[in-house]
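K.L.:
Let's see this in three dimensions:
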Amino acid sequence: MVDPIEFETERLRLRQWLPADREPFAALNADPRVMAFFPATLTQAESDAMADRCQSLMAERGWGVWAVETRASREFVGFVGLHTPSARLPFSPCVEIAWRLAFQHWGKGLATEAASTVLRVGFQVLHLPEVLAFTTVGNRRSRAVMERLGMCECGTFEHPDIPEHSDLRQHCLYRLAAGDWSSYHD
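P.N.:
A predicted model of the protein is given here:
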């Protein structure tokens, strides 16, 4: 066990998960708008298991998928962080950046704000050589965040964990190398 890396942005605090996060996390995972580009919404038990994994990985290595809250009200917003996918992807092994925010927090630039700082931690603190992001081809909102982060689209792939007949199977892949991030953020 190690102390988790925690940090703040202008409006947000990224931190280890707390028991109080379970209820609002389950609510966002049950929201069909939030989960529109995933195969299904999550039950309370599935959501709790996901939060437990996030918390455990953070405790184990000090980084991962951080719980995000607003600095002003301390309201749980969702998660943003770095993750090593367990799926056998065509580009594995890798570290991906991921986010999922409650619907009422969309359209405020919070995902980009938090993800920008997560990339800084990934490249400057963890010294990752590259960070990837991927989503279903139709997820324009997440793709726009990837592009605002300076990530470059580099093709598509079929996600092996999505059923073959699903419209969600085709994913686009984005990459950002440490050197490209440094150039983009100087």
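
K.L.:
can you pull out the strands in this protein?
P.N.:
According to DSSP state E, the chain carries its strands in the segments 7-8, 12-15, 65-70, 76-83, 96-101, 130-136, 152-158, 170-177.

K.L.:
neighbouring strands for the fourth one, and are they parallel or not?
P.N.:
Looking at strand 76-83 with DSSP bridges, its paired strands and their directions are strand 65-70 (antiparallel), strand 96-101 (antiparallel).

K.L.:
would you turn those strands into CSV with distance to T117?
P.N.:
C-beta coordinates here come from the backbone N, C-alpha and C atoms, glycine included. Output for these, formatted as CSV (distance: least, Cβ to Cβ, whole Å):
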stretch, distance to T117
strand 65-70, 10
strand 96-101, 11
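
K.L.:
so which of those strands is the most packed in?
P.N.:
Highest mean neighbour count among the strands paired with strand 76-83 (mean count of other Cβ atoms under 10 Å): strand 65-70, with a mean of 24.

K.L.:
send the alpha carbons of it over as PDB?
P.N.:
Extracted C-alpha coordinates of strand 65-70, given in PDB (Å, rounded to 0.1, in the frame of the first residue of the first chain):
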ATOM      1  CA  VAL A  65      -8.900   6.400 -11.600                       C
ATOM      2  CA  TRP A  66      -9.400   9.300  -9.200                       C
ATOM      3  CA  ALA A  67     -12.800  10.200  -7.700                       C
ATOM      4  CA  VAL A  68     -13.500  13.800  -8.700                       C
ATOM      5  CA  GLU A  69     -15.300  16.400  -6.500                       C
ATOM      6  CA  THR A  70     -15.800  20.100  -6.900                       C
END
